[in-house]
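Here is a sequence with its predicted model. Questions after.
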Amino acid sequence: MIGKVIKVNHQKGFVVFEDDIGDYGWFEVLGSEEFEPGETIIGELHSLGSEIIIKQSTKERVDVYIQDHGMSYMAAAEAMLR
């Protein structure tokens, strides 16, 4: 599944993404890698828990923990601020 990074909380390592069907979700980055808004990502975005996300531009594999998906933008943005 392809998605796009929408919002990033660099201090907490949280990322809000939009998937290819227009739903939103968020994940926690488990390493020191950073994401930027607008970046295209590839991975199993409709699961919960540990996953590997691939940055399309660099092909870098990043360990993440998907916290939620299938949300509105507002719900995802609020959830990652907690």
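Thanks, I have it. Numbering: from 1, shown residues only.

Could you list every helix and strand in contact with the longest strand along the chain?
The longest strand of the chain (DSSP state E) is strand 61-71. Applying 3 or more Cβ pairs under 8 Å, 6 or more residues apart in numbering; DSSP states H and E, we find strand 61-71 packed against strand 14-19, strand 24-29, strand 49-55, helix 73-79. The way it works is simple: take the backbone N, C-alpha and C, and place the C-beta from them, glycine included.

for those, which one sits closest to Q67?
strand 24-29 (5.4 Å; Cβ to Cβ).

chain center to that closest one, what's the gap?
4 Å (Cα atoms, centre = their mean, to the nearest Å).

Tell me which strands it pairs with, and in which orientation.
Applying DSSP bridges, strand 24-29 is found paired with strand 14-19 (antiparallel), strand 61-71 (antiparallel).

which regions of this structure lie under the pLDDT threshold?
Within the chain, no stretch has pLDDT under 70.

Try it again at 90.
79-82 (pLDDT under 90).

ok, back up a step: tell me the buried residues in the longest strand of the chain?
62, 64, 66-67, 69, 71 (16 or more other Cβ atoms under 10 Å).

likewise stretch 72-79?
By neighbour count with 16+ other Cβ under 10 Å, stretch 72-79 contains the buried residues 76-77, 79.

Format the CA atom coordinates belonging to stretch 62-81 as CSV.
Taking C-alpha atoms only, stretch 62-81 is exported to CSV below (Å, rounded to 0.1, in the frame of the first residue of the first chain):
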residue,chain,number,x,y,z
VAL,A,62,12.2,2.0,8.7
ASP,A,63,10.9,0.1,11.7
VAL,A,64,7.6,1.6,12.9
TYR,A,65,4.8,0.8,15.2
ILE,A,66,1.4,1.6,13.6
GLN,A,67,-0.8,2.9,16.3
ASP,A,68,-4.1,3.3,14.3
HIS,A,69,-5.5,3.6,10.8
GLY,A,70,-8.9,4.2,9.1
MET,A,71,-9.3,7.6,10.9
SER,A,72,-10.1,11.1,9.9
TYR,A,73,-7.3,13.6,9.6
MET,A,74,-8.4,15.4,12.8
ALA,A,75,-8.6,12.2,14.8
ALA,A,76,-5.1,11.1,13.7
ALA,A,77,-3.6,14.5,14.3
GLU,A,78,-5.1,14.7,17.8
ALA,A,79,-4.1,11.1,18.7
MET,A,80,-0.4,11.7,17.9
LEU,A,81,-0.3,14.8,20.2
